[in-house]
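S.K.: need the 3D shape of this:
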Amino acid sequence: MADKLAVETKDLTKVYDGATVVDRMNLSIQEGEVFGLLGPNGAGKTTTILMMLGLTEPASGTVRMLGFDPAREPLKVKRVVGYLPEKVGFYDNMTARENLQFIAELNGIEAAEADRRIDELLKVVGLNRAVNLTTGKFSRGMKQRLGIADVLIKKPKLVILDEPTSGLDPEGIKHLLDLIAALPKQGTTVILSSHQLYQVQRVCHSVGILSRGKLVVEGSIDKLGRDALAGGRYVIDIETAEPSPQLVDVLKGIKGVLKVELTDHMLSVTTEADLRAEIARVVVQNNVPLVQMRVQQFSLDDIYMRYFEESGGSK
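M.R.: Residues are numbered from 1 along each chain as shown. As a prediction, the model looks like this:
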């Protein structure tokens, strides 16, 4: 069965005052993944999100959100999509519970079920001890966590989070990233717009990089890393107890192996595909103790800069 698309855009374009801010974007986001939407200020991220939510109409092209057209079916989109903007607003004279009760009522959630969800979500976001505190007394980080609860109370199938860790301390960031990473297991697809690339790399399965309104590249972080930094090849690091020139020669003989480098107890093998199973078999057959083996990971910072520079973008 083919993977279902949570989001699909075709030649999506937006023009403001004669300037094209989103330029023929073709984007596909699979259901059940955390997708990172990356790019500097002015790249078109916010405008893209607004079109996804039906808050502004495209000049041309289309966007489908879980099969719905936001421009023609905004209410259907709102029922299944949750959105957390970078700056979260609440009624300052109402408590955390009262704010969430109000949101639940707007979404037609029955009172008893709403109370159950509110108790659960306030515990999940770490605000169960501040449930009766008015939000006017909340720190920015507390409001950000309440915003997550706000978004999740209607159990959306898709959530869009714009800089969700803004204002959080390191412990709060870790807690929130763990929560985001767990959402696909609960049936929720996530679009994460963030400047914090290390956070994106920690939780995202795939990313799309925008520059000057154009989608420069889209794909899994591993694939983009191989394409941008390793010429589409795999680099497999192997630690053995007794590496030898003879083992190097044997590894070079494996079909698909392009290069083998030996340094101390480490072997670095460049290949055309993921040949870890074949390499492990050969190492064991040559009676060499295999300590560990891993595919070299790539930094999203390096990937971002490579594609961004190639697109002609600037900081």
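S.K.: phi first, then psi, for His265.
M.R.: Here is the backbone geometry of His265 (degrees, to the nearest 10): phi -100, psi 10.
S.K.: swap that for Leu275, please
M.R.: phi -100, psi 30.
S.K.: what count of nearby residues applies to it?
M.R.: When counting by other CB atoms under 10 Å, one arrives at 20 neighbours for Leu275. (Glycine included, C-beta is placed from N, CA and C.)
S.K.: so for it, what's the nearest residue that isn't a sequence neighbour?
M.R.: Using CB to CB, 6 or more residues apart in numbering and skipping the chain neighbours, the partner closest in space to Leu275 is Gly256 (5.5 Å).
S.K.: so the one you found touches Thr270, yeah?
M.R.: No - Gly256 lies out of contact with Thr270 (CB atoms under 8 Å); the separation is 10.0 Å.
S.K.: could you count how many residues lie near Met65?
M.R.: Met65 has 27 neighbours, counted by other CB under 10 Å.
S.K.: ugh, wrong one, I meant Ile103
M.R.: 18.
S.K.: repeat for the one 10 residues further on
M.R.: Taking other CB under 10 Å as the criterion, the count of residues near Glu113 is 10.
S.K.: any idea of the mean pLDDT for stretch 251-262?
M.R.: When pLDDT is averaged over stretch 251-262, the result is 92.
S.K.: now do the contacts for the residue nearest to Leu275.
M.R.: Thr271, Glu272, Ala273, Leu275, Glu278 (CB atoms under 8 Å, 6 or more residues apart in numbering).
S.K.: go again with 10 Å.
M.R.: By CB atoms under 10 Å, 6 or more residues apart in numbering, the contact set of Gly256 is Arg233, Tyr234, Val269, Thr270, Thr271, Glu272, Ala273, Asp274, Leu275, Glu278, Ile279.
S.K.: with Val260 instead?
M.R.: Contacts of Val260 by CB under 10 Å, 6+ apart are 236, 238, 243, 247-254, 267-271, 279.
S.K.: circling back: columns pLDDT, secondary structure and distance to Tyr198 on top of the contacts of Gly256, output as CSV?
M.R.: Below are the contacts of Gly256 laid out as CSV (pLDDT from 0 to 100; DSSP: H, G, I helix; E, B strand; the rest coil; distance: CB to CB, whole Å):
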residue, pLDDT, secondary structure, distance to Tyr198
Arg233, 83, coil, 24
Tyr234, 82, strand, 23
Val269, 91, strand, 27
Thr270, 90, strand, 26
Thr271, 91, strand, 27
Glu272, 87, coil, 30
Ala273, 87, coil, 28
Asp274, 87, coil, 25
Leu275, 91, coil, 29
Glu278, 91, helix, 33
Ile279, 92, helix, 30
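S.K.: could you work out the most separated pair of those?
M.R.: The most widely separated members of the contacts of Gly256, counting by CB to CB, are Arg233 and Glu278 (15.4 Å).
S.K.: hmm, back to that, next step: the contacts of Val260 restricted to strands.
M.R.: Among the contacts of Val260, DSSP state E puts Ile236, Ile238, Leu267, Ser268, Val269, Thr270, Thr271 in strands.
S.K.: neighbours of Arg212, how many?
M.R.: Neighbour count of Arg212, defined by other CB under 10 Å: 18.
S.K.: and it, what pLDDT?
M.R.: 89.
S.K.: so it touches Ala43, yeah?
M.R.: Yes - counting by CB atoms under 10 Å, Ala43 is a contact partner of Arg212 at 6.6 Å.
S.K.: just the helices in the stretch 101-250 of the chain please.
M.R.: 111-124, 140-152, 170-182, 197-203, 221-229, 245-252 (DSSP state H, counting those that start in this stretch).
S.K.: and the strand or helix carrying Val77, which residues are buried?
M.R.: For Val77, the element it lies in under DSSP states H and E is helix 74-80. Going by neighbour count (16 or more other CB atoms under 10 Å), the buried part of helix 74-80 is Pro74, Lys76, Val77, Lys78, Val80.
S.K.: format the ones in strands among the contacts of Val260 as CSV; extra columns: distance to Gly54 and neighbour count.
M.R.: What follows is the ones in strands among the contacts of Val260, written out as CSV (distance: CB to CB, whole Å; neighbours: other CB atoms under 10 Å):
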residue, distance to Gly54, neighbour count
Ile236, 46, 22
Ile238, 51, 24
Leu267, 54, 22
Ser268, 50, 14
Val269, 50, 24
Thr270, 47, 17
Thr271, 46, 22
